[in-house]
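S.K.: For reference, the sequence and a predicted model appear below.
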Amino acid sequence: MSSLPFASPRPFFGWHVVAATFVLASFGWGVGFYGPPVFLYAVVERTGWPVALVSAAVTVHFLVGAVVVANLPRLYRRLGVPQVTVLGAGLLALGVTGWALAAVPWQLFGAALASGAGWVGMGAAAVNALIAPWFSLRRPAALGMAYNGASLGGVIFSPLWITLIAGIGFAAAALAVGGVMVVAVALLAVLVFSRTPEAMGQHPDGAAAPRAARLAGAGVPRLRLWRDRKFLTLAAGMMLGLFAQIGLLAHLFSLLVPVLGEGAAGLAMGGATLAAILGRTLVGWVMPVSADRRLVACMSYGVQVLGSLVFLAASGEGGLWLFTGLALFGLGIGNATSLPPLIAQQEFTPTDAARVVPLIVAIGQAGYAFAPAAFGLLRGDAGSEGLLFACAAAVQLLAILCLLAGRGDRKA
């Protein structure tokens, strides 16, 4: 006699996906996002090459990633999500090893091509693509938890890179971290990312039945999307906010070293990402479902503007002002990545949001890819770190204006 009709339903697998994506994001951001500022410093120290030259390699790292991330949906369809994820981890590991071994500039730029192409397979658009099939109404909390892995990656890897490079050398550190990353991501791909709600007989948020109403909608044609005010202002706001953030973060470690020393500077960078976890967690769990997410993003950028101005007040010295600036700036780091996909979910149909999110991430990355080089030129020509902080604050204010310009035309 069969007992299947009385069997307990299978536990909702979505939270396992969140946990696995949390780990994926920790490696992705810890190596591909928070790594380059440390790599910049390590390469300059090892080779004596100009800061502007190595900053340009960081720009290539992020720029090639923008091209790849725009094509992630196509890659997922052709190769599959698990395969693309593992491929990304492999390319990232290969690229970071190239950063450590580069003996001439062209080798450094070749390494940047590999690391940039690889890390986006573990970045913002990838996290959203992995979480979206499993969550709808509870997506802000799920994405917030998954993206917190990105911030934890900064907490762990910023000081870890410094310690490993100082202890065993850049090349050995790259091989060790890259090897662990590839093995971990491969296991997650096989055990978790290969599963789908349909194959497991489950629905978003663990609901008993799919929410058909949320799947309705004809969507916006691709060409019209590029004339849509919501899309353009969201993409511009994300790009400008991340331009200021990446430009400052790329140089922040090397600016902190003369003031705090290498070890304390690494810990300070980790502290900023702890603040990012706090900021993203508060938004993910406290923000009401009906909240205007553009206003929430504006408030987050506003806190970072204040942090940039407090950095100015620190005047290159340690103490309370410096650490206050790090905390305020850090509070918005995570939200700059996690809020734009949530804005897209609120303002577009699910069909359109699946196109909009990779596009805004690609546009954002294409824009902020030039930030390390631009801030490096500013730093090199003027020799004033104060200009970097003032520039970051001004660009963040422009991001706020862009987001405000797209209000008042939300999805029905």
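M.R.: Structure received. None of these values were measured; they are calculated from a predicted model.
S.K.: ranges for the helices of the stretch 151-300 of the chain?
M.R.: Listed in chain order, the helices of the stretch 151-300 of the chain (DSSP state H, counting those that start in this stretch) span 170-188, 212-215, 222-225, 229-260, 262-286, 293-314.
S.K.: Mind giving me the packing neighbours of the longest one?
M.R.: Going back to what we said before, that points to helix 229-260. In terms of contacts (3 or more CB pairs under 8 Å, 6 or more residues apart in numbering; DSSP states H and E), helix 229-260 is packed against helix 35-47, helix 51-70, helix 262-286, helix 293-314, helix 335-347, helix 350-368, helix 371-382, helix 385-405. Placement of C-beta: from N, CA and C, glycine included.
S.K.: Correct me if wrong: W161 contacts G266.
M.R.: Yes. Counting by CB atoms under 8 Å, W161 touches G266, with 7.5 Å between them.
S.K.: So which of these two has more stuff around it?
M.R.: Taking neighbours as other CB atoms under 10 Å, W161 and G266 compare with W161 leading, 27 against 23.
S.K.: list the contacts for the more buried one?
M.R.: W161 is in contact with 35, 38-39, 42, 173, 177, 266, counting by CB atoms under 8 Å, 6 or more residues apart in numbering.
S.K.: swap the cut-off to 7 Å and go again
M.R.: 35, 38, 173 (CB atoms under 7 Å, 6 or more residues apart in numbering).
S.K.: What's the separation between it and V96?
M.R.: 10 Å (CB to CB, to the nearest Å).
S.K.: can you list contacts of stretch 310-330?
M.R.: Residues contacting stretch 310-330 (CB under 7 Å, 6+ apart): 259-260, 268, 271-273, 275-276, 303-304, 306-308, 385-386, 389-390.
S.K.: For R280, give its distance to L91.
M.R.: Computed as CB to CB, the R280 to L91 distance reads 27 Å.
S.K.: Looking at the two, which is more packed in?
M.R.: More neighbours surround R280 than the other of R280 and L91, with 28 against 22 (other CB under 10 Å).
S.K.: Surely that one touches A146?
M.R.: No. Look at R280 against A146 with CB atoms under 7 Å: they stay out of range, at 10.0 Å.
S.K.: In the helix or strand hosting R78, which residues are buried?
M.R.: Using DSSP states H and E, R78 sits in helix 72-79. When burial is assessed from 16 or more other CB atoms under 10 Å, helix 72-79 yields the following buried residues: 72-73, 75-76.
S.K.: what about Q202, distance to S254?
M.R.: For Q202 relative to S254 (CB to CB), the value is 47 Å.
S.K.: what does A166 give?
M.R.: Taken as CB to CB, the span from A166 to S254 is 15 Å.
S.K.: Likewise for E198?
M.R.: As judged by CB to CB, E198 and S254 stand 48 Å apart.
S.K.: okay, the two: which has more neighbours?
M.R.: Between E198 and S254, counted using other CB under 10 Å, the more crowded position is S254 (20 against 10).
S.K.: Run a quick neighbour tally on the closest residue to that one other than its chain neighbours.
M.R.: In this structure, S254 finds its nearest non-sequential neighbour in Y41, 4.8 Å apart by CB to CB, 6 or more residues apart in numbering. Other residues within reach of Y41, judged by other CB under 10 Å, total 22.
S.K.: pretty sure Y41 is in contact with L255, am I right?
M.R.: No. In this structure, Y41 is not within contact of L255 by CB under 7 Å, at 10.0 Å.
S.K.: remind me which residues of the protein are low pLDDT?
M.R.: Counting by pLDDT under 70, the chain shows low-confidence ranges at 1-9, 206-223, 315-318, 379-385, 409-412.
S.K.: surely L53 meets V104?
M.R.: No. Counting by CB under 7 Å, L53 stays clear of V104, with 11.2 Å between them.
S.K.: More neighbours: which of those two?
M.R.: Higher neighbour count among L53 and V104: L53, with 16 against 10, using other CB under 10 Å.
S.K.: where does the residue nearest to that one when sequence neighbours are not counted sit relative to V310, distance-wise?
M.R.: Distance criterion CB to CB, 6+ apart; nearest residue to L53, sequence neighbours excluded, is P105 at 6.3 Å. Going from P105 to V310 by CB to CB gives 36 Å.
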